[in-house]
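# give me a 3D structure for the following:
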Amino acid sequence: MSRSAVFVVTLSKASTQTVTVAYTTAPGTAVAPSDFTAESGTLTFLPGQTTKQIMVPVRDTLPGTVDEEFTVVLSAPTNATLATSSAPCTIPGEDALSGPVVSINNVSVPNP
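Next up, the predicted model:
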């Protein structure tokens, strides 16, 4: 693992109460543990805090792979409601081709 997907979770406004929300990763075309590390837990916003981060370690992409996706899902909020309950993450693939690529456009001869 050499990089992480960073999900930013925000409150629309600061609260005077402690706000919590549970989170978990959900596989898509990307799966744990081969593409990312599964994560779950609870975020706690203390009174006045409006931003938290969820870090999900992502494995290096292998040559010849396509884009893959997983999701972080939020649930069970306390002292708040969910406006958005999930967010996807795309892990970009890596083209099998390396180095320069040569191409040419199609040409037609015009009528006389």
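
# and the residue nearest the centre of this structure?
Closest to where the C-alpha atoms of the chain average out (Cα atoms, centre = their mean) is residue 89, at 2.1 Å.

# surely that one touches residue 72?
Yes: counting by Cβ atoms under 8 Å, residue 89 touches residue 72, with 7.1 Å between them. All C-beta spots, glycine's among them, are computed from the backbone N, C-alpha and C.

# between those two, which contacts overlap?
Common contacts of residue 89 and residue 72 (Cβ atoms under 8 Å, 6 or more residues apart in numbering): 7, 56.

# determine the longest strand present in this structure.
When the chain is scanned for its longest strand (criterion: DSSP state E), the result is strand 68-78.

# looks like residue 66 contacts residue 92 (just checking).
No: judged on Cβ under 8 Å, residue 66 makes no contact with residue 92 at a distance of 9.1 Å.

# how about low-confidence regions in the protein?
Applying pLDDT under 70 to the chain flags the ranges 1, 63-64, 95-112.

# show me where it has helices.
With DSSP state H as the criterion, the chain has no helices.

# report the contact partners of residue 62.
Counting by Cβ under 8 Å, 6+ apart, residue 62 has contacts residue 94.

# again with residue 82
21, 74-75.

# please apply the same query to residue 91.
With contacts defined as Cβ under 8 Å, 6+ apart, residue 91 is in contact with 5, 30, 35-36, 58, 61, 67-70.

# need those residues in CSV with distance to residue 47, can you?
Shown next, in CSV, are the contacts of residue 91 (distance: Cβ to Cβ, whole Å):
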residue, distance to residue 47
5, 28
30, 36
35, 37
36, 33
58, 33
61, 41
67, 40
68, 39
69, 35
70, 32
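
# what subset of these is buried?
5, 30, 35-36, 58, 61, 68, 70 (16 or more other Cβ atoms under 10 Å).
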